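Student: Starting from these lines, generate the structure:
(one chain, ligands or ions: 1)
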Amino acid sequence: LEVPDEPIVAVIEGDGIGREVIPVAIRVADRAVELAYGGKRGIIWWELLAGKKALKEKGELLPKETIEGIATVKLALKGPLETPVGSGHRSLNVTLRKVLDLYANVRPVQYYGAPTPFAYADKVDFIIFRENTEDVYAGIEWKAFTEEARKVLEFLEREFGIKVREDSGLSLKPISKFATQRIMRKALQWAVDKGRRVVTIMHKGNIMKFTEGAFREWCYEVAEKEFSEYVSIGEEKPGKILVNDRIADNMFQQIIIKPWAYDVIVTPNLNGDYISDAAAALVGGVGMASGLNLGDYIALAEPVHGTAPDIAGKGIANPSAAILSVALLLEYMGWIEATELIRKALRKTIESGKVTADLAKPGEKALKTEEFAEEVIKAMEGL
Ligand code: NAD
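Tutor: Residues are numbered from 1 along each chain as shown. Below is the predicted model of the structure:
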């Protein structure tokens, strides 16, 4: 008896270029799986709605069945969703990560041969673990001049003698021991499983002692107490994973002047947001940056980039970030042969100069989204 091995992956196409890059990434993944397993494995893609499409068809931006669907099948691929700046609805991405408790945002930064002015690009190969549920992203905010903000200001002055200008907007930055330690655990486990050499804690603990400073301490505690047989704290030792830390601002120059010294980076939410876009720029920009949101049981893959309203609808977006995100999901599922096939083919395609407009040099021919994906598929078939 041959039981079909067909997992279900929930798909949210998303807004803007999501509708262009996600279908293409699925096509590449299907072909990779077919080639790697000779038709013995396959994936059932199950479309769920969120964003503008959900609003149009269901009358709400994030329907309950979308959340329940992902929670049930536990594997998902998602395109970017639009978030208006300032007033308007809260980020759907942040809401999704929160309600599904996808607390680790895992972002590999690796060079795939894209044209770049950065001389050390081929030395870049690290992975960022961004805490996904806390920090100033928790959305605990008070708008300036409102009754609520005034109450908070009065409370601060009355209870702690802290005087803050009355025309201030306010925001809380919660960083808990619980959330810090579970992301550090994920990062360390990843390092152990994948044979990584260094885990660096990135923080701004010199200034924000009880949030980012505590983050640093709690991370070290997990390394010492739970991973002692695998790690060495602060100094390199043969056969051990080095665990060290860097102040966040220094980290930005470190990944440029010494990218080879970094391997796994673990950091609170806001630092993680900034450093992952900056890191993506070293290897070709956000069009190349993939991501995986992980909880204890759920994995949701998504490109790091947004809806790119400036190019949406033109069919010119770079699908590499979405393709690499699918590859990450396949890796998470343990489908390593298909994962490797996609990564090798993508590298081969880009190295041979076939790129989309974001990576093309001035005056050079650029491929459209679909044409690029066809080239990746051709490259896979030739491997
Ligand atoms: P963006 O990533 O959409 O665009 C930034 C720049 O990068 C633009 O010039 C864009 O054209 C370019 N770019 C992005 N992806 C590209 C690709 N695949 N190929 C080629 N070029 C690409 O960032 P933004 O403009 O700050 O945000 C636009 C919208 O997306 C906002 O509503 C924002 O909230 C949302 N957003 C969503 C997510 C998410 O769903 N996870 C992430 C970031 C931004």
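Student: Please name the residues that touch G79.
Tutor: Shown in contact with G79 (C-beta atoms under 8 Å, 6 or more residues apart in numbering): I12, E13, G14, D15, I17, G18, R19, V21, I22, E302, P303, A322. In this view, the C-beta of every residue, glycine as well, is placed from N, C-alpha and C.
Student: next one: V106
Tutor: Going by C-beta under 8 Å, 6+ apart, V106 touches I127, I128, F129, R130, K186, W190, G291, L292, N293, L294, L328.
Student: Look at it and give its secondary structure.
Tutor: Following DSSP: H, G, I helix; E, B strand; the rest coil, the label given to V106 is strand.
Student: Look up how far R182 lies from it.
Tutor: Computed as C-beta to C-beta, to the nearest Å, the V106 to R182 distance reads 13 Å.
Student: picking that back up, just the ones in strands from the contacts of G79, please.
Tutor: I12 (DSSP state E).
Student: okay if I get the contacts of G79 as JSON lines plus neighbour count?
Tutor: Shown next, in JSON lines, are those (neighbours: other C-beta atoms under 10 Å):
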{"residue": "I12", "neighbour count": "28"}
{"residue": "E13", "neighbour count": "22"}
{"residue": "G14", "neighbour count": "27"}
{"residue": "D15", "neighbour count": "24"}
{"residue": "I17", "neighbour count": "30"}
{"residue": "G18", "neighbour count": "29"}
{"residue": "R19", "neighbour count": "18"}
{"residue": "V21", "neighbour count": "29"}
{"residue": "I22", "neighbour count": "27"}
{"residue": "E302", "neighbour count": "29"}
{"residue": "P303", "neighbour count": "31"}
{"residue": "A322", "neighbour count": "34"}
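Student: Out of the contacts of G79, flag the one nearest to E374.
Tutor: E374 has its nearest neighbour among the contacts of G79 in V21, at 14.0 Å by C-beta to C-beta.
Student: pLDDT on the host helix or strand of E375, on average?
Tutor: Per DSSP states H and E: E375 is located in helix 369-381. For helix 369-381, the mean per-residue pLDDT is 98.
Student: Could you tell me how far it lies from the centre of the chain?
Tutor: Averaging C-alpha positions (C-alpha atoms, centre = their mean, to the nearest Å) puts helix 369-381 24 Å from its chain's average.
Student: Run through who's touching that helix.
Tutor: Residues contacting helix 369-381 (C-beta under 8 Å, 6+ apart): 20-21, 24-25, 27-28, 31-32, 35, 315-320, 323, 341-342, 344-346, 348-349, 354-356, 367.
Student: if we go to 7 Å?
Tutor: Outside helix 369-381, the residues that touch it by C-beta atoms under 7 Å, 6 or more residues apart in numbering are 20-21, 24, 27-28, 31-32, 35, 315-317, 319, 323, 341-342, 345-346, 348-349, 354, 356, 367.
Student: For the ligand, tell me which of these show up nearby.
Tutor: The subset of the contacts of helix 369-381 within reach of the ligand, by C-beta under 6 Å from any ligand atom, is V21, A317.
Student: Kindly write the ChimeraX command that selects the buried subset of the contacts of helix 369-381.
Tutor: With 16 or more other C-beta atoms under 10 Å as the criterion, this ChimeraX line picks the buried residues out of those:
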select :20,21,24,27,28,31,32,35,316,317,319,323,341,342,345,346,348,349,354,356,367
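Student: Next one: the residue in the stretch 201-350 of the chain positioned nearest to the ligand from G285, what distance?
Tutor: Closest approach between the stretch 201-350 of the chain and the ligand, counting by C-beta to the nearest ligand atom: G306, at 2.4 Å. According to C-beta to C-beta, G306 stands 12 Å off from G285.
Student: do E131 as well
Tutor: For E131, the distance to G285 (C-beta to C-beta) stands at 24 Å.
Student: what's the helix or strand of the chain with the lowest mean pLDDT in contact with?
Tutor: Least confident helix or strand of the chain, by mean pLDDT, DSSP states H and E, is helix 92-99 with a mean of 86. Outside helix 92-99, the residues that touch it by C-beta under 7 Å, 6+ apart are A50, G51, L61, L62, I67, L81, T83, N132, T133, Y137, G139, N293.
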